[in-house]
Each structure stands twice: as C-alpha cells, then as structure tokens.
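# after the sequence you'll find the predicted model.
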Amino acid sequence: MARLIDGRAAAAALRERVARGSAAWAAERGRPPHLEVVLVGEQPASLAYVASKARRAREVGQTAAVRRLPATIGTEPLVALIAELNQRTEVDGILVQLPLPVQVDTPAVLAAIDPAKDVDGFHPINAGRLAQARDPLTEELLIPCTPLGCLMLLRDTLGESGLTGRRAVVLGRSTIVGRPLAALLLAADCTVTVVHSRSHDPAGECRRAEILVAAVGRPGLVGRDWVAPGAVVLDVGINRVALPDGTSRLVGDVAFDEVAETAAAISPVPGGVGPMTVACLLHNTLLAARRRAAGGS
Ligand code: NAD
C-alpha cells in the first residue's frame, strides 16, 4: 500500500513557520503583513475559499481584508480598485479570487496587480520570472500557490535532491497549476512531460512517470492502468460528485483506492494538495512583505 502524503500536516507545519516569520516581521516593522482579497459575485465555492484564506491569514498573525464586489462589475472599476490597492503602502499582498464573471477581462485584471504584491503569482512578470528561474525558491519568486504546495509536498516525500533526474508527468496545462508546476519541476531537475486534452496517449504517458501530478478536473480519470508501480502521485483535482442518496462528496482526479495499491506514495482528496494551497498563500504574503520592505519589485 502507498504511503499517504499528509497535506494537512505539511500545511500546519508551514503555517507555523509563516506565523513565526510574520511575528518577527511585525516586531521589526510595527505592523503585520497585510493581505487584500478581492471577491466578485457570490459563487458559493469562491465565498468559501475566500473566507478560509482570510481566516487562515489571521490565524498566522497576518491581517486580511475581503473586498466584496457585485457580480455585474466591469473590468474598469475592478482595475481602478487594484490601482488603489497597489498605491497603499500598508498592503503587502493582493489576491483576486478566480474565476471572474464573463464580462470581466481576467488577464487585464491580473496584469493590473503590482507584481511585487501578486501573491497568487499569476502576473505575466512573475510567470516570466518563474519560466526563467534557475532556483525559484532560493530566488524568492512569487510562485502560484498550488504548484508551490505540490513542490513542497514532493520535496517532503522524496527529499530535497530526490527529484533530480526523475521522470515527472504533469497532467493538465492550465496557467494556474499545470504550466507553473512544469516550470518548477524543470527547475528542480526533473525530466518533465506535460500531458493535456489533445495528447495522443495520456494513460501511456502517465504510466512512464516516476512522479505524477494530476490537475485536470476529471473525477477519477487516473486509474490503476495510468500509474507505474512505485510512482509518487499528487492529486490536485477537486471535484464535487453527486451520490445516489442525494448528498455529494469531494473527489480528486485519481481513483484513490486502486492507485494506492501500487503507488509508492499518494496524496488524498480532501487533505492533500488543497490545504497546502492556502498555506502557500500565507507564505507568499509574508514573502511579498519582506521583499517590498527590502525594496524588491
Ligand atoms: P483547467 O480546467 O484550467 O485545466 C484542466 C487541464 O486538464 C487542461 O489543460 C486540459 O487540457 C487538461 N485535461 C482535461 N481533460 C483531460 C483529459 N481527459 N486528458 C488529459 N488532459 C485533460 O483546470 P485547473 O484550474 O488547472 O484545475 C484542475 C483541477 O484542479 C480542478 O479539479 C480544480 O478544481 C483543481 N484545483 C485544485 C486546487 C487546490 O488547491 N487543490 C487549486 C487549483 C485547482
């Protein structure tokens, strides 16, 4: 049976480190690191994510404010709000909760965030820095939270140098997860393949992986025949599926029970990558505060 990759425990340990760092920063600077979260509309999943991000930020001694805007808002007023937050020196991190409504130009909104305050790491400047980085963690780049959490879990599981030379397959090529994760794994000296909806033989590509990360949003897509025995498997997917009794539950992109029989290690859903995503946001908020205080852009 595979070893369980415990994202809750790893996230708790990271939050503890961030809490110590935030307290030290606050003692030095006279105020804690401050995060602004922008929420447009009333989508239940987004409301829940935003509430948990703000609560977790406060738990580690940071301050957080949530700006709630109507679902009908256009690109211009949103960009104007971001411009105002960019100007305010006491704001260290700005996060715009995605997805935005269809009438909003999402790339324009993300590009309006000051790269130094871009705690989600989605600004083209930060994406470019990651694409060119030799060692993104040492260089203290603002890296998208979910891929950063994945890298931390893989390092915990395999050891710092345990990624070197490994065949890693990233299933999914979104700008939020797949692409930045591929860049991170490449910088960690993995041999990286990115598999997507137009790939000819996704199962065959995945079977070659020593490290497999699934981020596709397809419940249980990755079955036993997609995974080589002894592989390390991270499941990024968060899918709500209906049950016959009328209730629902969260499942990942990996068929956990069957894959766990042959993999070396596997992360569960829930309790795997998800908690690391929020902990990495707090890590990025502290990092942004430190970098700005040191004059970084
Ligand atoms: P997305 O829809 O933007 O991208 C999905 C990717 O999967 C695409 O690149 C597509 O090419 C690929 N794909 C789809 N079907 C495929 C198939 N049958 N075979 C091969 N590739 C296929 O999704 P996303 O934003 O990257 O999110 C992916 C999943 O991860 C979702 O379930 C999402 O909820 C979850 N997610 C979780 C966290 C977290 O914190 N754990 C964070 C972000 C996203």
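Ah, there it is. If you're wondering where the values come from, they're calculated on a predicted model, not measured in any experiment.

# hey, where'd the strands end up in the stretch 1-150 of the chain?
Taking DSSP state E, counting those that start in this stretch as the criterion, the stretch 1-150 of the chain carries its strands at 3-4, 34-40, 63-69, 93-96.

# how about residues contacting the third one?
Contact with strand 63-69 is made by 31-41, 50-51, 53-54, 57-58, 77-78, 81, as judged by Cβ atoms under 8 Å, 6 or more residues apart in numbering. (Glycine included, C-beta is placed from N, CA and C.)

# now it against strand 34-40, angle please.
Comparing the axes of strand 63-69 and strand 34-40 via axes from the mean of the first three to the mean of the last three Cα atoms, to 10 degrees yields an angle of 20 degrees.

# what pairs with strand 63-69, parallel or antiparallel?
strand 34-40 (parallel) (DSSP bridges).

# which other residues reach the partner strand?
With Cβ under 8 Å, 6+ apart, strand 34-40 has contacts from 46-47, 50, 53-54, 57, 62-71, 73, 78, 81-82, 85, 90-97, 100-101, 104, 119, 281, 285, 289.

# coming back round to it: ranking the strands of the stretch 1-150 of the chain by burial, who's on top?
Ranked by mean neighbour count, the strands of the stretch 1-150 of the chain are led by strand 93-96 with a mean of 27 (mean count of other Cβ atoms under 10 Å).

# and the contacts of it?
Outside strand 93-96, the residues touching it (Cβ under 8 Å, 6+ apart) are 33-38, 40, 53, 78, 82, 85-86, 109-110, 113-114, 117-120, 281, 284-285, 288-289.

# near the ligand, anything from that strand?
No. Judged by Cβ under 6 Å from any ligand atom, strand 93-96 stays clear of the ligand, getting no closer than 13.0 Å.

# for the residue sitting furthest away from the middle of the chain, give me the pLDDT.
Note on the chain: the largest C-alpha distance from the chain mean falls to residue 245, namely 32.4 Å (Cα atoms, centre = their mean). We have a pLDDT of 96 for residue 245.

# just residue 209 next, same as before
In this model, residue 209 is scored at 98, pLDDT.

# just residue 297 next, same as before
Among the per-residue scores, residue 297 shows a pLDDT of 84.

# that one contacts residue 117, correct?
No. Contact between residue 297 and residue 117 fails when scored by Cβ atoms under 8 Å: they sit 10.3 Å apart.

# these two: which has the busier surroundings?
residue 117 (26 against 8; other Cβ atoms under 10 Å).

# would you agree the more buried one is in contact with residue 86?
Yes. Contact status for residue 117 versus residue 86: in contact at 6.6 Å, counting by Cβ under 8 Å.

# ok, back up a step: filter the contacts of strand 93-96 to the buried ones?
Neighbour counting with 16 or more other Cβ atoms under 10 Å marks 33-38, 40, 53, 78, 82, 85, 109-110, 113-114, 117-120, 281, 284-285, 288-289 as buried within the contacts of strand 93-96.

# who in the stretch 101-250 of the chain is up against the ligand?
Within the stretch 101-250 of the chain, the positions near the ligand by Cβ under 6 Å from any ligand atom are 146, 171-174, 176-178, 195-197, 199, 202, 215-218, 221, 236-239.

# show me which of those residues are buried.
Restricting those to buried positions leaves 146, 171-174, 176-178, 195, 202, 215-216, 221, 236-239, with burial counted as 16+ other Cβ under 10 Å.

# list the ones among the residues you listed that fall in helices.
146, 178, 202 (DSSP state H).

# ok, the last one touching residue 171?
Yes. Contact criterion Cβ under 8 Å: residue 202 and residue 171 qualify, at 6.9 Å.

# touching both of the two, which residues are there?
Taking Cβ under 8 Å, 6+ apart as the contact rule, the neighbours common to residue 202 and residue 171 are residue 195.

# for burial, what's the neighbour tally of the spatially closest residue to residue 199 that is not a sequence neighbour?
Nearest non-adjacent residue to residue 199, counting by Cβ to Cβ, 6 or more residues apart in numbering: residue 205, 6.1 Å away. By the measure other Cβ under 10 Å, the count of residues near residue 205 is 19.

# helices or strands up against the strand or helix carrying residue 205?
Taking DSSP states H and E as the criterion, residue 205 maps to helix 202-207. Other helices and strands packing on helix 202-207, by 3 or more Cβ pairs under 8 Å, 6 or more residues apart in numbering; DSSP states H and E, are strand 167-171, strand 191-195.
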